[in-house]
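Colleague: when you get a sec, could you give me coordinates for this:
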Amino acid sequence: MKVQKGWSCIVFFLLHMTHVAWTQRFQVVGPSSSVLVHVGEDVTLPASLSPVISAQRFEVRWFRDNFDSPVLLYQNHQIKPERQMQAYNGRAALFTEELQNGNVSLRLQDVRVSDGGLYTCFVDSGLWNDELHITLKVEALGGQPSISIGSTEDQQTRLECKADKWGTTPDMAWGDMNGVDLTSESSVTEQRDNERFLRVSSFIPIKQEFNMFSCLMRSKVPKPDWHSGLTVYIFSPGVSGWSVVFWLSLLLYVAVAALLIFQWRRMRGLKARYESKVYSLPLCYLSKEIEKIKAPGMCSTVSLTSVSVH
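Modeller: The predicted structure follows:
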């Protein structure tokens with residue numbers, strides 16, 4: 001009988017544990033595509049349990065490359081900041097009030113370029129665990145491109161268009177004053193700085209003849225206000241830079257002088273019309289007064305031209 005009771009207890013315990021394990025089976029679900037954010041913004045990496053069960057008693061671990069160096073660790077009903085990667089201190093958080101609804105999403109503040117990459121959300125109930133992978137893409141819109149002239153090792157003249165602070169490689173386009181697309185002739189180089197920003201440079205060879213070149217850099221991110229930077233460079237072989245500046249300045253001064261002369265003549269005409277109207281007003285009033293005081297039946301006329309106004 002004792003053996004029977006012992007086996008009954010073991011079977012009951014196993015059935016109970018199987019039931020508990022089965023009822024606590026879950027999946028960590030999230031978006032099917034990557035999450036996009038711009039530098040300096042806040043972002044949420046969405047993750048939740050399916051079916052919806054409370055995660056308050058579970059372990060929730062967000063990490064990147066190293067399981068033991070988490071971006072954020074929730075354990076024993078509290079977040080463990082001492083176990084967190086230094087770079088995410090004060091910037092990573094959970095929606096703790098939403099854990100009871102199965103929401104295990106990660107909130108990142110003040111996103112940096114270095115935050116971009118693959119994130120893993122690992123949830124462990126003790127009897128069951130599952131994980132989710134999410135890619136965070138961080139976009140940084142670079143500065144205004146600038147163009148400079150240089151030469152290659154074989155002394156071929158070329159133009160360089162460069163810009164800093166890009167998160168990903170932008171779309172680039174070259175053109176000249178005749179509307180010819182020179183992009184196919186260009187080459188592009190990239191270099192990461194200490195903050196993980198991209199420094200992008202594009203080169204095109206040029207011929208020894210007068211021309212005007214434009215360089216366009218535009219973000220690939222599908223955003224309503226796509227960022228773009230356009231720079232124009234005038235190439236004048238055999239002509240010094242001071243000469244180009246002098247003639248461009250002279251052209252500007254001539255244009256400004258012509259505009260001022262035009263405005264002066266326009267104002268002079270307006271003044272003349274104004275003075276003629278001011279002079280005619282007293283004559284008009286005087287004519288009306290004379291008409292009022294004329295005796296009835298009087299046939300004589302008064303000529304306005306004979307009246308002088310002092």
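
Colleague: number of nearby residues for Ser219?
Modeller: The number of residues packed near Ser219 is 22, by other Cβ atoms under 10 Å. (C-beta placed from N, C-alpha, C; glycine too.)

Colleague: and the particular helix or strand that has Ala257 in it, what's its mean pLDDT?
Modeller: Under the criterion of DSSP states H and E, Ala257 resides in helix 241-293. The average pLDDT within helix 241-293 is 62.

Colleague: and stretch 220-236, by the same measure?
Modeller: 61.

Colleague: where in the stretch 1-150 of the chain is pLDDT low?
Modeller: Along the stretch 1-150 of the chain, segments meeting pLDDT under 70 span 1-24.

Colleague: hmm, try it at 50
Modeller: Residues of the stretch 1-150 of the chain that meet the criterion pLDDT under 50 lie in 2-3, 11-13, 15-22.

Colleague: can you pull out the strands in it?
Modeller: Along the stretch 1-150 of the chain, counting by DSSP state E, counting those that start in this stretch, strands occupy 27-29, 35-38, 43-45, 48-50, 59-63, 72-75, 78-79, 92-94, 106-108, 117-124, 129-139, 146-151.

Colleague: neighbours of Asp115, how many?
Modeller: Residues within reach of Asp115, counting by other Cβ under 10 Å, total 22.

Colleague: then Gly167?
Modeller: If you count neighbours by other Cβ under 10 Å, Gly167 ends up with 22.

Colleague: contact partners for it?
Modeller: For Gly167, the contact set (Cβ atoms under 8 Å, 6 or more residues apart in numbering) comprises 38-39, 113, 116, 138-141, 197-198.

Colleague: can you check Asp154 too?
Modeller: Asp154 neighbours (Cβ under 8 Å, 6+ apart): none.

Colleague: next, it: phi, psi?
Modeller: phi -90, psi 20 (degrees, to the nearest 10).

Colleague: my guess is Trp166 contacts Ser201. True?
Modeller: No: judged on Cβ atoms under 8 Å, Trp166 makes no contact with Ser201 at a distance of 10.9 Å.

Colleague: on that earlier part again, make a markdown table out of the contacts of Gly167 and add distance to Ala257 and neighbour count.
Modeller: Shown next, in a markdown table, are these (distance: Cβ to Cβ, whole Å; neighbours: other Cβ atoms under 10 Å):
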| residue | distance to Ala257 | neighbour count |
| --- | --- | --- |
| His38 | 46 | 17 |
| Val39 | 46 | 19 |
| Val113 | 50 | 19 |
| Gly116 | 54 | 21 |
| Val138 | 51 | 23 |
| Glu139 | 47 | 21 |
| Ala140 | 45 | 23 |
| Leu141 | 40 | 21 |
| Phe197 | 45 | 20 |
| Leu198 | 46 | 19 |
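
Colleague: from those, which land in helices?
Modeller: Assignment to helices by DSSP state H places none of the contacts of Gly167 there.

Colleague: on the pLDDT front, check Pro296 for me.
Modeller: At Pro296, the pLDDT value in this model is 50.

Colleague: and this structure, what are its domains?
Modeller: The record assigns the chain these domain ranges, following automatic domain parsing: 26-139, 146-238, 241-283.

Colleague: coming back round to it: with neighbour numbers in mind, choose between Trp166 and Ser201.
Modeller: Trp166 (21 against 17).

Colleague: and the more buried one, how far from Gly40?
Modeller: To Gly40, Trp166 is 14 Å away according to Cβ to Cβ, to the nearest Å.

Colleague: ok, Val221 touching Leu36?
Modeller: Yes: in this structure, Val221 is within contact of Leu36 by Cβ under 8 Å, at 6.8 Å.

Colleague: who touches both of these two?
Modeller: Joint contacts of Val221 and Leu36 (Cβ under 8 Å, 6+ apart) are Glu139.

Colleague: can you pull up the bridge partners for Phe203?
Modeller: Phe203 has these beta-bridge partners by DSSP bridges: Glu160, Ser187.
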